[in-house]
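Asker: here is a sequence together with a model predicted from it:
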Amino acid sequence: MRKIPNLLRNKLSEYSTFIAKIYAYLEEFEILEDAIEKAVKYCEKHGILREFLEIHGSEVLNMLLEEWNMDDALAVAREEAREEGREEGSEERSNTIARNALAEGYTPESIQKITGLSLEEISKL
């Protein structure tokens, strides 16, 4: 197994410190952008990723905000997909009930009361 060079190990350690500071400031300020800005300033002041953050600090802020926003967007998209799946499942269940009721001789009007489907939807079944 190859050893991680000291320079890389140091940078990874500094990056870990930077991320830990973001989380610590996030607990304090509760606003992600403020937490990232404070962490960047803290790290610059204490020589943590200093050169990189001095040059790319605003890019880091934008990238991290976008990444967290992407995570939030993906979570919302997953929830919307689940909701859509539940709606489709409910609609399919209503259609199955309506088909079964039609097969048993129920009137479209009574099926409409039971399922909430429109008469047009029932006639298509």
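Answerer: Arrived safely.
Asker: tell me which element the closest residue in space to residue 48 that isn't next to it in sequence falls in.
Answerer: Spatial nearest neighbour of residue 48, chain neighbours left out: residue 14 (4.7 Å); criterion: Cβ to Cβ, 6 or more residues apart in numbering. C-beta: built from backbone N, CA, C; applies to glycine. According to DSSP states H and E, residue 14 maps onto helix 6-29.
Asker: which of the residues in whichever helix or strand comes after that helix are buried?
Answerer: Next helix or strand after helix 6-29 toward the C-terminus (DSSP H and E): helix 32-45. Buried residues in helix 32-45, counted by 16 or more other Cβ atoms under 10 Å: 32, 35, 36, 37, 38, 39, 40, 42, 43, 44.
Asker: dump these to CSV, plus distance to residue 53.
Answerer: Written out in CSV, the entries for these read as follows (distance: Cβ to Cβ, whole Å):
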residue, distance to residue 53
32, 17
35, 15
36, 11
37, 11
38, 12
39, 9
40, 5
42, 10
43, 6
44, 5
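Asker: out of those, which one sits closest to residue 119?
Answerer: The nearest member of the buried residues of helix 32-45 to residue 119, counting by Cβ to Cβ, is residue 32 at 51.3 Å.
Asker: and the pLDDT at that closest one?
Answerer: In this prediction, residue 32 carries a pLDDT score of 82.
Asker: ok, now residue 103?
Answerer: Model confidence at residue 103, given as pLDDT, is 91.
Asker: how far does stretch 52-63 sit from its chain's centre?
Answerer: For stretch 52-63, the separation from the chain centroid amounts to 24 Å (computed by Cα atoms, centre = their mean, to the nearest Å).
Asker: return the set of buried residues in it.
Answerer: For stretch 52-63, a neighbour-count test (16+ other Cβ under 10 Å) marks 52, 53, 57, 60, 61 as buried.
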